[in-house]
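Undergrad: One predicted model, sequence on top.
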Amino acid sequence: MAMLSEVCAGLGDSRRAAELYDLLLPYAGRNVVVGAGVACSGAVSSYLGLLAATMRRWVEATLHFESGLEMNARIGARPRLACTQLGYAQMLLARGEPGDTEKALRLLAAVLETAQELGMKRLVERAIALKLCAQGADASGDLRTSIDAVVSRVEREKPDLRGHAAPDGTVTILFTDIEGYTAMTERLGDTRAQEVLRAHGAIIREQVGSNRGLEVKSQGDGFMVVFSSARRAILCAIAIQRAIAGYSANHPEEPIRVRIGLHTGEVIKESDDFFGKNVIFAARITAKARGGEILVSSVLKELTESAGDIPFGEGRYVELKGISGAHQVYEIQWAGAPSRRPVPAADRRAEGRYVFRCEGEYWTLAYEGTVCRLRDAKGLRHIAHLLRHPGQQFEARVLVTIGARGAVESPAIEIVGDDLPFGGLGDAGTVLDAKAKVAYRRRLGALREELEEAERFNDLGRATRAREEIDFLTSQLSAALGLGGRDRKLSSAAERVRLTVTKRIKDALAKLSESHPALGAYLAGRIKTGHVCAYMPEAGQPISWEL
């Protein structure tokens, strides 16, 4: 029965897994021993964990795996302990709840340590493949992208998407993943890479929710999302790229470049064939996209171009892996993508120069041959002042007095408008007032009820969203309350100035990155913010800015 449990898990046979589970359950808490102690195959709980995971009964699987780990460790069955850790890690990755990937990676690290020491070559190979899968790749002979892993799972499970189809029976499919995620993991390390992955996932899910999409499956850094509206799918893709560009501007030390591909197919009439043709077609288009690029099929372009509000680039013919013939795809010229359209004559004179100049209500910005214009913002004024004085440091309270052309406009203490007014030189009141705290706690109560209901109905997506919001609200309350539940005070005027200037500059860089990613990335890596701000150009490569 123990051996059959492993076979059931390998085949994903949930029906036979249920039969075996009932047969094995009375032996939970015992070990599988061959003959009179000739050989030990470890704790029965480990096999029950495999069976429960095959049936997607996550709570029971977790309890059995934890029990199996404890018993195998207690009796010193190291090979079986490593196998249990591998099965547990696989279950966590299949469940995909917050924190599961990090725990799975810790388990896999232990598996590799034991398997390499004991010379268990096959177990080493399986652990490495699963680790790559957890980090956004799927390894089965060759390294495939996380999108391949998503497609593989979707083809197996074949979720019913008919309820999310347009009236004509079509569904628009969007795939997205991070370019070079495996290399980024090696550079940053597992822990920091997972933090970046969580931030990436939060951006994707926020934009998918805002555009009424359905997250079908995610694996590592890969997502498959469907929409009933083809136009809304493209707008979601554009929103994702813009949000990612903003994140990268604020995190120049670990920027993200996402590639996105879209295709529309008929799911009602071709239900059986949909996953084998249209899903794979969308995935192969995504594989042809570069980081920061959105590619769509010719079918999707035909469906959406009549409105004239989506900026399609020129088409190009590509060969798609596993699909015969050449296929035409089109790039979406979202605001942050390098434009292939001719530069207007009025801006042509700025090409080949470095310009950061305010002209009335707009700024003309030129860098590496690309020109853009942005509406005036206070953060752009701060940046211009720093560019005017490379290598020099300025206190934040000085920057808030500087206008677009370097003139002093107002005392630092008189920040108004989008900035909260300052009090005296001491604290500036409480972080949250009584009314806000009551609203936070009321919302937390509602979210906990929603989480309980989602878990009861095994609605993983809804449960994940509820947990994320609970974590966010809890962190906000924790930041607002000190020891004994006492209100924390807001910081001094100097601290408020620092926060204000930092926010202005980061907001300006985020908007700049949407229109001019190269300039946004350069400035994000060269401008230092804090109580003291500075523009630090690269040594030996000064840039002469026209200001």
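TA: Thanks, I have it. As the structure is a computational prediction, the values presented were derived from the model and not from experiment.
Undergrad: Now the nearest residue to Ala43 once chain neighbours are set aside: which helix or strand?
TA: Spatially, and ignoring its direct neighbours in sequence, Ala43 is nearest to Met71 (3.9 Å; C-beta to C-beta, 6 or more residues apart in numbering). No exception for glycine: its C-beta is placed from N, CA and C like everyone else's. Per DSSP states H and E: Met71 is located in helix 58-74.
Undergrad: List every C-alpha atom in that helix, with coordinates, as PDB.
TA: Provided in PDB are the C-alpha atoms of helix 58-74 (Å, rounded to 0.1, in the frame of the first residue of the first chain):
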ATOM      1  CA  TRP A  58      -4.300  20.400   2.000                       C
ATOM      2  CA  VAL A  59      -5.000  20.500   5.800                       C
ATOM      3  CA  GLU A  60      -4.800  16.700   6.200                       C
ATOM      4  CA  ALA A  61      -1.800  16.500   3.900                       C
ATOM      5  CA  THR A  62       0.000  19.100   6.100                       C
ATOM      6  CA  LEU A  63      -0.700  17.300   9.300                       C
ATOM      7  CA  HIS A  64       0.400  13.900   7.900                       C
ATOM      8  CA  PHE A  65       3.600  15.400   6.400                       C
ATOM      9  CA  GLU A  66       4.500  17.100   9.700                       C
ATOM     10  CA  SER A  67       3.900  13.900  11.600                       C
ATOM     11  CA  GLY A  68       6.000  12.000   9.000                       C
ATOM     12  CA  LEU A  69       8.900  14.400   9.300                       C
ATOM     13  CA  GLU A  70       8.900  14.100  13.100                       C
ATOM     14  CA  MET A  71       8.800  10.300  13.100                       C
ATOM     15  CA  ASN A  72      11.400   9.700  10.400                       C
ATOM     16  CA  ALA A  73      13.700  12.100  12.100                       C
ATOM     17  CA  ARG A  74      13.200  10.400  15.500                       C
END
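Undergrad: which other residues reach it?
TA: 28-29, 31, 42-50, 52-53, 78, 80-81, 84-85, 87-88, 91, 95 (C-beta atoms under 8 Å, 6 or more residues apart in numbering).
Undergrad: Which strands or helices does the very next helix or strand once past it pack on?
TA: Going down the chain from helix 58-74, the next helix or strand is helix 78-95, by DSSP H and E. The helices and strands touching helix 78-95, judged by 3 or more C-beta pairs under 8 Å, 6 or more residues apart in numbering; DSSP states H and E, are strand 39-43, helix 44-54, helix 58-74, helix 100-118, helix 121-134.
Undergrad: Which stretch among those is buried most, on average?
TA: Across the helices and strands packed on helix 78-95, the average number of neighbours (mean count of other C-beta atoms under 10 Å) peaks for helix 44-54, which reaches a mean of 27.
Undergrad: next one: that one to chain centre, how far?
TA: Helix 44-54 sits 31 Å away from the centroid of its parent chain (C-alpha atoms, centre = their mean, to the nearest Å).
Undergrad: between that helix and helix 78-95, how many degrees?
TA: Relative orientation of helix 44-54 versus helix 78-95 (axes from the mean of the first three to the mean of the last three C-alpha atoms, to 10 degrees): 20 degrees.
Undergrad: hey, C-alpha coordinates of helix 44-54 in CSV?
TA: What follows is helix 44-54, C-alpha atoms only, in CSV (Å, rounded to 0.1, in the frame of the first residue of the first chain):
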residue,chain,number,x,y,z
VAL,A,44,3.0,5.7,7.3
SER,A,45,2.1,9.4,7.8
SER,A,46,4.4,10.3,4.9
TYR,A,47,2.4,8.1,2.5
LEU,A,48,-0.9,9.5,3.9
GLY,A,49,0.5,13.0,3.2
LEU,A,50,1.1,12.0,-0.5
LEU,A,51,-2.4,10.6,-0.8
ALA,A,52,-4.1,13.6,0.8
ALA,A,53,-2.1,16.0,-1.4
THR,A,54,-3.2,14.0,-4.5
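Undergrad: relative orientation of that helix and strand 39-43 in degrees?
TA: If you take the same axes, to 10 degrees, helix 44-54 sits at 50 degrees to strand 39-43.
Undergrad: what does helix 44-54 contact?
TA: 1-2, 5-6, 8-9, 12-14, 17-18, 20-21, 24-25, 27-32, 58, 60-62, 64-65, 67-68, 71-72, 80, 83-84, 87-88, 90-91, 94.
Undergrad: Check those residues for burial and list the buried ones.
TA: Among the contacts of helix 44-54, the ones that count as buried by 16 or more other C-beta atoms under 10 Å are 2, 5-6, 8-9, 13, 17, 20-21, 24, 27, 31-32, 58, 60-62, 64-65, 67-68, 71-72, 80, 83-84, 87-88, 90-91, 94.
Undergrad: List phi and psi for Ser324.
TA: Ser324 adopts backbone torsions of phi -70, psi 150, taken as degrees, to the nearest 10.
Undergrad: contacting residues for the residue nearest the centre of the chain?
TA: Centroid-nearest residue in the chain: His200, 1.7 Å away (criterion: C-alpha atoms, centre = their mean). Under the criterion of C-beta under 8 Å, 6+ apart, the neighbours of His200 are 178, 221, 244, 247, 256, 258.
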